[in-house]
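**Student:** Would you be able to build a 3D model of this:
(chains A and B)
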Amino acid sequence: SAVISQKPSRDICQRGTSLTIQCQVDSQVTMMFWYRQQPGQSLTLIATANQGSEATYESGFVIDKFPISRPNLTFSTLTVSNMSPEDSSIYLCSVGAGMNTEAFFGQGTRLTVV
Amino acid sequence: GENVEQHPSTLSVQEGDSAVIKCTYSDSASNYFPWYKQELGKRPQLIIDIRSNVGEKKDQRIAVTLNKTAKHFSLHITETQPEDSAVYFCAALLSGTYKYIFGTGTRLKVLA
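**Tutor:** Numbers count the residues shown, from 1 in each chain, chains lettered A, B, ... in the order given. So this is what the prediction gives:
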């Protein structure tokens, strides 16, 4: 299993500002993922964070809004840029142990934009 | 795009009764299907999973069944307890990727 530390756990931010969320894993992993979970909703994949190359974004998500860094095999950051109230959500990082195995999640970052 | 449908969205059962949650997936080549439980304010945690080479898997009070022909899988919880109350998500791993597509979630309430 993988132990994932994510921070901050929550934040309240002013619209127009940016927040960077950090995700640290206790072992080296090839793939790291960032999800958004809007209130009462399911998990939607934002992007896959690749080490040594640019992140791969899902439809509806763009790098300018959600820039991602992956400097090594145990760490990634997601930035939510130029925030608006619609960005209020829980953001979760996730790693997979391998193909056809479970995904592990960080504890999430609850973001409120006012 | 590929998707996973999940029903029902909410489910209330009396303590001791059984609960069944159903999911249908669209990627016929998917071969890994996990179920996650998410308690309020906490991260999703795996409770059981099934791979396409088996039709059923059981772990104490929890079981999952898979019908690959129908592209359908279900979670069964027997002898429900109040601590089973949570949101449950099914998921399917997209074939050839590490990406999961999640269902829309089922809020289960077990009434004491």
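
**Student:** wait, what's in contact with the spatially most central residue of chain A?
**Tutor:** Centrality entry for chain A: nearest residue to the mean C-alpha point is residue A:34, 3.3 Å, by CA atoms, centre = their mean. Counting by CB atoms under 8 Å, 6 or more residues apart in numbering or on different chains, residue A:34 makes contact with A:23, A:45-47, A:49, A:66, A:68, A:76, A:78, A:91-94. For every residue, glycine as well, the C-beta is placed using N, CA and C.

**Student:** Mind pulling up the pLDDT for it?
**Tutor:** Reading off the confidence values, residue A:34 has pLDDT 97.

**Student:** buried set for the helix or strand hosting residue A:45?
**Tutor:** Secondary structure from DSSP states H and E places residue A:45 in strand A:43-50. Using 16 or more other CB atoms under 10 Å in any protein chain shown as the burial criterion, the residues of strand A:43-50 that qualify are A:43, A:44, A:45, A:46, A:47, A:48, A:49.

**Student:** So which of the residues you listed reach chain B?
**Tutor:** A:43, A:44, A:45, A:48 (CB under 8 Å from any CB of the partner chain).

**Student:** Just send those residues back as TSV, with pLDDT too.
**Tutor:** Listed next are those as TSV, based on pLDDT from 0 to 100:
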residue	pLDDT
A:43	94
A:44	94
A:45	94
A:48	93
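
**Student:** and which of those residues is nearest residue B:24?
**Tutor:** Nearest to residue B:24 among these, counting by CB to CB, is residue A:43 at 17.7 Å.

**Student:** who are the neighbours in contact with the closest one?
**Tutor:** Contacts of residue A:43 by CB under 8 Å, 6+ apart are A:35, A:36, A:37, A:92, B:44, B:89, B:100, B:102.

**Student:** Next: residue A:7.
**Tutor:** A:21, A:22, A:109.

**Student:** Just to be sure, which of those residues are found in strands?
**Tutor:** Secondary structure defined by DSSP state E assigns A:21, A:22, A:109 of the contacts of residue A:7 to strands.

**Student:** List the contacts of residue 96.
**Tutor:** I'll assume chain A. Taking CB under 8 Å, 6+ apart, one finds A:29, A:31, A:33, A:102, A:103, A:104, B:98 in contact with residue A:96.

**Student:** my bad, chain B
**Tutor:** residue B:29.

**Student:** Check residue B:111 too.
**Tutor:** Contacts for residue B:111 (CB under 8 Å, 6+ apart) come out as B:12, B:13, B:14, B:15.

**Student:** quick one: it and residue A:40, what's the gap?
**Tutor:** 20 Å (CB to CB, to the nearest Å).

**Student:** do residue B:99 as well
**Tutor:** 23 Å.

**Student:** Compute the inter-axis angle for the strand or helix carrying residue B:35 and strand A:43-50.
**Tutor:** In the assignment (DSSP H and E), residue B:35 maps to strand B:32-38. Taking axes from the mean of the first three to the mean of the last three CA atoms, to 10 degrees, one finds strand B:32-38 and strand A:43-50 inclined to each other by 120 degrees.

**Student:** ok, the helix or strand following strand B:32-38: who's next to it in the sheet?
**Tutor:** Sequence-wise, the next helix or strand downstream of strand B:32-38 (DSSP H and E) is strand B:45-51. Paired with strand B:45-51 in the same sheet, following DSSP bridges, are strand B:32-38 (antiparallel).

**Student:** residue ranges of the strands in chain B, please?
**Tutor:** Counting by DSSP E, the strands of chain B are B:4-7, B:10-14, B:19-25, B:32-38, B:45-51, B:56-59, B:62-67, B:72-77, B:86-93, B:100-102, B:106-111.

**Student:** Alright, that wraps it up for me.
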